[in-house]
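[1] Build me a structure from this.
(one chain, ligands or ions: 2)
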Amino acid sequence: MATCKSVLSLLVLFVAAVSAASEERKAIAVLKGDAGVTGNVTFTQVDDGPVTVTGIVTGLSKGNHGFHIHEKGDISMGCTSTKGHFNPEGKKHGGPTDTERHVGDLGNIFAEDNGVAHIAIRDTVVSLHGKNSILGRGVVVHSDQDDLGRGGFADSQTTGHAGTRVACGVIGILHPTGYWTQGNGASSSSPLSLAAILLVTSLVTLISRSTSRWSS
Ligand SMILES: [Cu+2]
Ligand SMILES: [Zn+2]
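    Ligands and ions are numbered 1, 2, ... in the order given. Got it, this is the predicted structure:
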């Protein structure tokens, strides 16, 4: 009877541990440029779920502005040194909802009359885990609208004809401040390892108890 109760409480412990294992990651980029454009962008992801991009960019001209993740987190020569769009699979430039797109193609952000753009993007291609991880790469805001590859210009299918780079920043860790493994979120998160340790400890206690009962 006592063993039955112990097994049940172990099961409860296990379920609780597994459901607590999801991990939220947050990354941040502070944007600056030569043309007085500044901004702040945050990337949030729970496990391998969609990435939510939120933030604000000020000092823009009214209208749409291309908004991309570029391959390098290098701003030593200004936004130019972030190089091209983050494109690990060698695809053509596209829009966020296209299957043929660069990983870094987040489309456009829209600035109001006052030059302020409020960013609220949800994307399922960029990630803070694994192959499509944007950590350490560049965020770039452009002078013009990204035509999403459809404008028919010479550079439509490479850069979306989005014009010059008015602000950029490097994506860095905001939260959690501990290890960021490159694997998938749930399988590599520390809460799960903690749960495993707890489980093993409880099992050892349980076994030693039943053994001592038999020997006495
Ligand atoms: Cu760009
Ligand atoms: Zn692109």
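
[2] Shouldn't residue 55 be within a strand?
    Yes - under DSSP: H, G, I helix; E, B strand; the rest coil, residue 55 sits within a strand.

[3] Could you count how many residues lie near it?
    21 (other CB atoms under 10 Å). Placement of C-beta: from N, CA and C, glycine included.

[4] Who are the contact partners of it?
    When the contact criterion is CB atoms under 8 Å, 6 or more residues apart in numbering, the partners of residue 55 are 39-42, 118-119.

[5] Need the per-residue pLDDT for the most centrally placed residue in the chain.
    Residue closest to the average C-alpha location in the chain (CA atoms, centre = their mean): residue 128, at 3.4 Å. pLDDT for residue 128: 98.

[6] Repeat that for residue 35.
    Residue 35 carries a pLDDT value of 89.

[7] ok, now residue 206?
    We have a pLDDT of 60 for residue 206.

[8] Please apply the same query to the one 3 residues further on.
    What the model reports as pLDDT for residue 209 is 69.

[9] ok, residue 151 - contacts?
    The contact partners of residue 151, by CB under 8 Å, 6+ apart, come to 160-161.

[10] before we move on, what about residue 111?
    Contacts for residue 111 (CB under 8 Å, 6+ apart) come out as 57, 60-65, 117.

[11] just the buried members of those residues?
    Of the members of the contacts of residue 111, the ones counted as buried by neighbours, 16 or more other CB atoms under 10 Å, are 57, 60, 64-65, 117.

[12] Out of those, name the ones that lie in helices.
    Using DSSP state H, no member of the buried ones among the contacts of residue 111 sits in helices.

[13] Tell me how far the nearest residue to residue 107 once chain neighbours are set aside lies from ligand 1.
    Excluding its sequence neighbours, the residue lying closest to residue 107 (CB to CB, 6 or more residues apart in numbering) is residue 96, at 4.5 Å. Using CB to the ion, to the nearest Å, residue 96 is found at 13 Å from ligand 1.

[14] so residue 96 touches residue 106, yeah?
    Yes - if you go by CB atoms under 8 Å, residue 96 and residue 106 touch, sitting 5.8 Å apart.

[15] Same drill for the two, tell me which one is more crowded.
    When residue 96 and residue 106 are compared for neighbours, residue 106 comes out ahead with 27 against 18, by other CB under 10 Å.

[16] quick one: the more buried one is in a helix?
    No - going by three-state DSSP, the assignment for residue 106 is strand, not a helix.

[17] Which residue is the nearest non-sequential neighbour of it?
    Leaving out its chain neighbours, the residue that sits closest to residue 106 by CB to CB, 6+ apart is residue 67, at 4.9 Å.

[18] Ok, residue 145 next?
    Closest to residue 145 by CB to CB, 6+ apart is residue 64, at 3.9 Å.

[19] Repeat that for residue 125.
    residue 103 (5.6 Å).

[20] mind checking which helix or strand that neighbour is in?
    For residue 103, there is no enclosing helix or strand under DSSP states H and E.

[21] pretty sure it contacts residue 84?
    No - the criterion here is CB under 8 Å, and residue 103 misses it with residue 84 at 11.5 Å.

[22] Which of these two has more residues huddled nearby?
    Ranked by neighbour count (other CB under 10 Å), residue 103 and residue 84 place residue 103 first, with 23 against 14.
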